[in-house]
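Asker: Need a 3D model of the sequence below.
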Amino acid sequence: VQLQASGGGLVQSGGSLRLSCVASGSILHIGRMGWYRQAPGKQRELVARVTTGGDTDYADSVNGRFTISRDNFKNTVFLQMNSLRSTDTAVYYCNAVITASTAIAPNDYWGRGTQVTVSS
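Answerer: Reported below is the predicted structural model:
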């Protein structure tokens with residue numbers, strides 16, 4: 001099982017980006033999916049997450065600007081980021097709770113991360 005994130009890049013303040021993350025491999029079930037980020041010198045923090053049923057929660061700093069969604073048929077989670085600020089600059093990591101076909105319990109999986117840089 002692996003997660004592959006894409007969509008990062010360089011954008012000006014006020015701009016938008018859309019991140020995608022696809023889970024692949026021998027998967028029985030995907031539970032909660034989410035996005036975290038880590039800025040230089042800071043700890044990794046939750047950005048947004050979504051349950052299998054579509055319930056979401058967001059960090060206060062992105063609420064109203066970012067939207068998380070998922071496509072359960074394509075094992076994909078998205079993060080639409082609007083009104084980007086320089087403080088959103090970070091490496092963004094996707095995360096998912098996945099039960100692999102070879103496992104007896106769900107595990108936490110992480111993607112490698114994609115860089116988002118917002119210039120002021």
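Asker: Low-confidence stretches in the protein?
Answerer: Counting by pLDDT under 70, the chain contains no low-confidence range.
Asker: show me what contacts the residue nearest to the spatial centre of it?
Answerer: Against the mean C-alpha coordinate of the chain, by Cα atoms, centre = their mean, the closest residue is residue 35 at 2.6 Å. With contacts defined as Cβ atoms under 8 Å, 6 or more residues apart in numbering, residue 35 is in contact with 19, 21, 46-49, 68, 77, 79, 92-95. All C-beta atoms are positioned from the backbone trio N, CA, C, and that covers glycine.
Asker: Redo those residues as CSV? Include neighbour count, secondary structure and distance to residue 11.
Answerer: CSV is the format used below for the contacts of residue 35 (neighbours: other Cβ atoms under 10 Å; DSSP: H, G, I helix; E, B strand; the rest coil; distance: Cβ to Cβ, whole Å):
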residue, neighbour count, secondary structure, distance to residue 11
19, 23, strand, 12
21, 25, strand, 18
46, 14, strand, 22
47, 24, strand, 16
48, 23, strand, 18
49, 21, strand, 23
68, 22, strand, 18
77, 29, strand, 20
79, 26, strand, 13
92, 23, strand, 13
93, 20, strand, 18
94, 28, strand, 19
95, 22, strand, 23
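Asker: Check those against residue 115 and report the nearest one.
Answerer: Of all the contacts of residue 35, residue 92 has the smallest distance to residue 115: 7.7 Å, by Cβ to Cβ.
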